Structures are given as structure tokens and as C-alpha cells.
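Asks: With the input below, show me the fold.
(one chain, ligands or ions: 1)
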Amino acid sequence: MRTNKVISLSQFIADQQNKFPDASGDLSKIFRDFKFAAKIVNRDVRKAGLVDVLGAFGTVNVQGEEVKKLDIIANEEFKSSLTLGGDCCAIISEEEEDIHQIETTLNQDSKYIIAIDPLDGSSNIDVNASIGTIFSVYQRKSPVGGPVTMEDVLQKGINQVAAGYIIYGSSTMLVFTTGQGVNAFTLDSSIGDFCLSHPNIKIPSKGNIYSVNEGNYDQFDQNIKDYIDFCRNSIDKKAYSARYIGSMVADFHRNLLKGGIFMYPSTTDSPNGKLRLMFESNPMAFITEQAGGIATTGKGRILELEPTEIHQRNPVIMGSSDMVKKALSY
Ligand code: P6P
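Replies: Residues are numbered from 1 along each chain as shown. You can find the predicted model right below:
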């Protein structure tokens, strides 16, 4: 007899799967593999300062950014767990140039492809600020058994089967959607499991937090400047607060729970913005919309963008519906 009402991630996923009698259970196994890797990465993140995994790994990733050791560790952990789980036929990673085909027989018979940013916000690792893992799940288009093609991995965000993130913050949480709303699970290390803590999250339609790197203000389009000026000089002086951690998962998660707008617009240096469509914008846009918010490039719905390359970037404005609508009015 269960002595408490706590619902574990595994139990929640089993309940969700039961709602789809023809479900194969493979997606549930993908979440099993994510959960395992998340606990390993959480352990490594929590002890980062103690075992010299801080500091540059000495290489530069495809984004031209200095790679921290934890980025590599996290990337390998998720790849290893998904490979051993046997339900993922290929992975694209922010840390890798091309498609990572998983050639084992078991995996080649799988229909799921994972897009992952194994450790986003890695520049915050050394200063102990919150960082996170972001992921998307897609179904391959080509027949199972053969090599996964570019057409299989470059799919619009509306094709996501699932999306989520793990935030390694004051607590470690897994937040995800499979298209049936957004639910969050907090890791209870004393039992080694993620437990449902925030069922059916809805982002408040209104909010007073705007989150953007104002250091880029001079490089923004005039309409973005005009919206930021509105937030800065809002009618009653304390109507808006600026909050920017520089770790998308942390800035996003705060807005999801409290309401707010997150922007990484195009700049003169980076006309397509900085955030990656496949690894950051699409999964966070899916979660945003499932929670009742809006996720746009400023010109159109992020989830409708047609990807042309694995590491492409796009401008991002996402969050509380009323705030995004106000921004779009500029
Ligand atoms: P900036 C982290 O490197 C990241 O990809 C996101 O997590 C974050 O929102 C953004 O870049 C921060 O970029 O240019 O403001 O430091």
C-alpha cells in the first residue's frame, strides 16, 4: 500500500501510456533513458567544483565556443544511455557537427530521433549558476533499419513527439510535454527518483519580467528597442523588472512559472540571433505553446520554421501571451 501521494516519473509515464492503447511503449523507454542520464549528469554537475571538471576542455565546439568538460561528459552520458536503452536510432547534438547514427541492431529498429543540447548555458558552469539539458524527440520519416537521413533530422518543430528540459538549479527538475500539456518533476535524491511537483503547468498570460541581454541593445532592430523602452519606462514605474541569467533553461523556467517574456532577437552581429532552432528554440517553443504561451521569431511561429541545417539559429521571442502580443505590436 503506497503510504504517500507522490507520483514518480515512471508511474506518470505509465499512466500516460495507458491512455494510448496502441502505444508501443518505446517513447516511455526513451524517457527512462533520459531519466537515467539526467541523474548521472546531475551528480557530475553538483560535484563539478570538487573533481576538476571545471575549466575549458581545450576544444572548441561547432558553434566556435570554448567547450567545458561537463559539456563533453553530459553529451557522452545522454548518448550512452540512449544507445544502451535501444530505442533511439540517431541523435543530433549541439556538441556534434553531424548526425550521430546509432548502428546497433536494437537501435536501428527504433523510430525515434533525439535532438539534444546536453548542457546549455555552459558558460555558467564555473560560477555555479543554473544550467540545463534541452531535448526534442522526433519520429524518423524514412523506413526503420536504414541509415537516418538529413530529411529525418531536419523536421519542423510541429513534428516533435516530445520536448523537455532538465534544470540543474537549486533543485533538479525535469519539465516536459508530449503534446498533452506540461508537467514538471523534481528529483528527490533521497529516493533517487523524479516526483511530480508541478502538474499541468500553464504560463500566466500576463507577467512583469522581461528577459533579454540588454548589452546588445544598440544592435537590435528599432522595434525591439521600442518594446524594451516600453518595459523600461512602463507606465507605473515598477510594472516591469529585468531578469537575465544568461542560461536559457533558467530564464525560461522562471518565466514559465511566474510569467514573463524571453527574447534573443537578431542583432547586427548575429542576424539570425544566437539560439539554435533544433536544440533550443523548437523544444522551448513546444513547451511554451503547450503551457498556453506564444513562441515566435518576431515574423512567424517558431514551430513552423523549415530547418535547412542542423545548427541553424533563429531569433526568439517567447513567453506570456499578452506580453508577446505587446512586443509583436511594435
Ligand atoms: P548571451 C548559453 O550559451 C545560451 O546558448 C543560452 O542558454 C542563453 O540564453 C544565451 O546563450 C546567452 O547568450 O549572448 O546573452 O550570453
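
Asks: Give the full set of residues in contact with whichever residue of the stretch 1-150 of the chain sits closest to the ligand.
Replies: Proximity of the stretch 1-150 of the chain to the ligand (C-beta to the nearest ligand atom) peaks at residue 121, 4.1 Å away. All C-beta spots, glycine's among them, are computed from the backbone N, C-alpha and C. Contacts for residue 121 (C-beta atoms under 8 Å, 6 or more residues apart in numbering) come out as 129, 130, 131, 132, 245, 246, 247, 248, 249, 250.

Asks: give me phi/psi at the fourth one?
Replies: Same thing as residue 132. Residue 132 adopts backbone torsions of phi -160, psi 170, taken as degrees, to the nearest 10.

Asks: Name the nearest residue to it, sequence neighbours excluded.
Replies: residue 249 (2.8 Å; C-beta to C-beta, 6 or more residues apart in numbering).

Asks: How about stretch 219-229 and the ligand, touching?
Replies: No. Using C-beta under 6 Å from any ligand atom, stretch 219-229 stays clear of the ligand, coming no nearer than 10.8 Å.

Asks: re earlier: helices or strands up against the one helix or strand the residue nearest to residue 132 maps to?
Replies: Taking DSSP states H and E as the criterion, residue 249 maps to helix 248-258. In terms of contacts (3 or more C-beta pairs under 8 Å, 6 or more residues apart in numbering; DSSP states H and E), helix 248-258 is packed against strand 131-139, strand 162-168, strand 172-177, strand 209-211, strand 261-264, helix 282-290.

Asks: partners of the third one, with directions?
Replies: Under the criterion DSSP bridges, strand 172-177 sits next to strand 162-168 (antiparallel), strand 182-188 (antiparallel) in its sheet.

Asks: Other residues contacting the last one?
Replies: It refers to strand 182-188. With C-beta under 8 Å, 6+ apart, strand 182-188 has contacts from 6, 9, 12, 38-39, 42, 171-177, 193-202, 256, 287, 290-291.

Asks: Just the buried residues of those residues.
Replies: 9, 12, 38-39, 42, 172-177, 193-197, 201, 256, 287, 290-291 (16 or more other C-beta atoms under 10 Å).

Asks: which residues touch the closest residue to residue 270 other than its chain neighbours?
Replies: Distance criterion C-beta to C-beta, 6+ apart; nearest residue to residue 270, sequence neighbours excluded, is residue 313 at 6.9 Å. For residue 313, the contact set (C-beta under 8 Å, 6+ apart) comprises 270, 272, 273, 274, 275, 276, 277.

Asks: For residue 247, see how far away the closest residue to residue 303 other than its chain neighbours is.
Replies: Distance criterion C-beta to C-beta, 6+ apart; nearest residue to residue 303, sequence neighbours excluded, is residue 157 at 3.6 Å. To residue 247, residue 157 is 21 Å away according to C-beta to C-beta, to the nearest Å.

Asks: Looking at these two, which one has more neighbours?
Replies: Taking neighbours as other C-beta atoms under 10 Å, residue 157 and residue 247 compare with residue 157 leading, 26 against 23.

Asks: Hmm, residue 282 and the more buried one touching each other?
Replies: Yes. Contact criterion C-beta atoms under 8 Å: residue 157 and residue 282 qualify, at 3.6 Å.

Asks: Give the buried subset of the contacts of residue 313 as a ChimeraX selection command.
Replies: Filtering the contacts of residue 313 down to the buried ones (16+ other C-beta under 10 Å) takes a single ChimeraX command:
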select :273,274,275,276,277
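
Asks: now, among the contacts of residue 313, which is nearest to residue 228?
Replies: residue 273 (15.3 Å; C-beta to C-beta).

Asks: and the closest one, what is it in contact with?
Replies: Residue 273 makes contact with 264, 265, 266, 267, 313, 314, 315, 316 under the criterion C-beta under 8 Å, 6+ apart.

Asks: Recalculate using a threshold of 7 Å.
Replies: By C-beta atoms under 7 Å, 6 or more residues apart in numbering, the contact list for residue 273 reads 264, 265, 266, 313, 314, 315, 316.
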